[in-house]
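Trainee: the amino acid sequence is not available; the structure is as follows:
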């Protein structure tokens, strides 16, 4: 019997991520040294107090039941975190929803909001989960190009009127992945005004809120009118190195939060109680861990930017997130450049085209190795001569 996938699965296909992953594994199996800067997952452990909270909770036999919604302590911690960090009050009972990682919310919100044929406005380049959510919901995508000459901010004036009227959702992401740009309050005010006019729900992906090096990123919810128009999703994966714990939250408009909670009641049974307890302690933490973590990433950023510039690659220094968004210097396509980088230099990066058509001409480089390895990566890139080689296509 031949078993075929549903048509909706055809939207995913085989990504360049899978292709590069196979190449990495083959080189490592052959005993070659590969410096992997392609995956945006922290290489650092969670702080000890988080691990201790999970361990203590795991020994408590009463903690193994379903968690159909976020615990009171977790939602209260989210509320306190927003009040302390952004001056915003979140009603922990009505304006907060537990997520199994932010990808859970990013992919599933379109199912709750969008009907077949509705448009979702999303950044290009953008995190791949955005397009996955649209595909599963049967929604159409309108790409908002993030261009260097426009500070990597979407230009709402370029969106055709007929698309605006059919749009149901708009996704924003600052600091971003793969583009580590920041948005100011004026930009969010413009987005809110646009959304109100066309009755578009805003989803702001704020997963990198604590990874910044200069000015603190603006929370969408801190801008007047935000609660009328949308929500913000945030994760503990990057800020607290809890990627494998799969815990995040959505906060904002009560109606949207209710939709998310209703949908998730049919999809899963929540997050392990001890993980919620640990996450609550993380959000309430005053130990200085976040500042220390930012300093680690700042040093990594500076080490890699300095080393790549010395190698002749004039990369921009990001103001936030855990990535460099580096323009390819020799006219090679991003896919070819990434493959050659791996084959000839032993350094894995991600082609910008994997995140959308507007990502062509760039690669994403993740700051997920110690400073010494990042400097070594720059030396390997320099000695390979790849920066001077033209396309072979």
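Mentor: Looks like it came in fine. This one's a predicted model, so the numbers in the text were calculated from it and none came from an experiment.

Trainee: in the protein, which residue is closest to the centre?
Mentor: The centroid of the chain falls nearest to residue 177 when counting by Cα atoms, centre = their mean (4.9 Å).

Trainee: contacting residues around it?
Mentor: 40, 127, 207-208, 321, 323, 364 (Cβ atoms under 8 Å, 6 or more residues apart in numbering). Heads up, the C-betas are built off the backbone N, CA and C, glycines and all.

Trainee: go through the lengthiest helix in the chain and flag the buried ones.
Mentor: In the chain, assigned by DSSP state H, the helix with the most residues is helix 289-310. Buried residues in helix 289-310, counted by 16 or more other Cβ atoms under 10 Å: 289-290, 293-294, 297, 300-301, 303-305, 307-308.

Trainee: go on, stretch 34-41?
Mentor: 34-38, 40.

Trainee: what does stretch 233-247 give?
Mentor: By 16+ other Cβ under 10 Å, the buried positions in stretch 233-247 come out as 233-243, 245-247.

Trainee: and if you look at stretch 160-177?
Mentor: The neighbour-count check on stretch 160-177 (16+ other Cβ under 10 Å) flags 164, 167-177 as buried.

Trainee: straight-line length of that stretch, end to end?
Mentor: 25 Å (Cα to Cα, to the nearest Å).

Trainee: of the buried residues of stretch 160-177, closest to residue 68?
Mentor: Residue 68 lies nearest to residue 169 out of those, by Cβ to Cβ, at 25.8 Å.

Trainee: quick check: the closest one is in a strand.
Mentor: Yes. Assessed with DSSP: H, G, I helix; E, B strand; the rest coil, residue 169 lies in a strand.

Trainee: any idea what it is bridged to?
Mentor: With DSSP bridges as the criterion, residue 169 is bridged to residue 120, residue 201.

Trainee: can you pull the contacts of it?
Mentor: Counted by Cβ under 8 Å, 6+ apart, residue 169 has contacts 109-110, 113-114, 118, 120-121, 139, 200-203.

Trainee: average pLDDT for stretch 78-92?
Mentor: Throughout stretch 78-92, pLDDT has a mean value of 98.

Trainee: sorry, slip of the keys, the one I care about is stretch 299-317.
Mentor: 97.

Trainee: how distant is it from the center of its chain?
Mentor: 22 Å (Cα atoms, centre = their mean, to the nearest Å).

Trainee: same deal with stretch 200-217?
Mentor: Stretch 200-217 sits 10 Å away from the centroid of its parent chain (Cα atoms, centre = their mean).

Trainee: next, the buried residues of that stretch.
Mentor: With burial defined by 16+ other Cβ under 10 Å, the residues of stretch 200-217 counted as buried are 200-213, 217.

Trainee: now do stretch 139-158
Mentor: 139-146, 152-154, 156.

Trainee: how about residues contacting it?
Mentor: Contacts of stretch 139-158 (Cβ under 8 Å, 6+ apart): 110, 114-126, 131, 133-134, 159, 163, 166-169, 172, 176, 179, 181, 183, 187, 190-191, 194, 325, 327, 356-358.

Trainee: which ones among those lie within helices?
Mentor: 110, 131, 133-134, 163, 166, 187, 190-191, 194.

Trainee: among the buried residues of stretch 34-41, which pair sits farthest apart?
Mentor: Maximum distance among the buried residues of stretch 34-41 (Cβ to Cβ): 16.8 Å, for 34 and 40.

Trainee: following the lowest-mean-pLDDT helix or strand in the chain, which helix or strand comes up?
Mentor: Within the chain, no helix or strand scores below helix 16-29, which has a mean of 88 by mean pLDDT, DSSP states H and E. Next along the chain after helix 16-29, taking DSSP states H and E as the criterion, comes strand 35-36.

Trainee: how does the chain divide into domains?
Mentor: Residue ranges for each domain of the chain read 7-45+289-384, 64-283, as given by automatic domain parsing.

Trainee: quick one: closest of these to residue 53.
Mentor: domain 64-283 (3.8 Å).

Trainee: I'd like the contacts of residue 177 laid out as CSV, including secondary structure.
Mentor: Converted to CSV, the contacts of residue 177 look like this (three-state DSSP):
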residue, secondary structure
40, coil
127, coil
207, coil
208, coil
321, coil
323, strand
364, strand
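
Trainee: one step back: can you select the buried ones from the ones in helices among the contacts of stretch 139-158 in PyMOL?
Mentor: Entered in PyMOL, the line below selects the buried ones among the ones in helices among the contacts of stretch 139-158, by 16+ other Cβ under 10 Å:
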select buried, resi 110+131+133+134+187+190+191+194
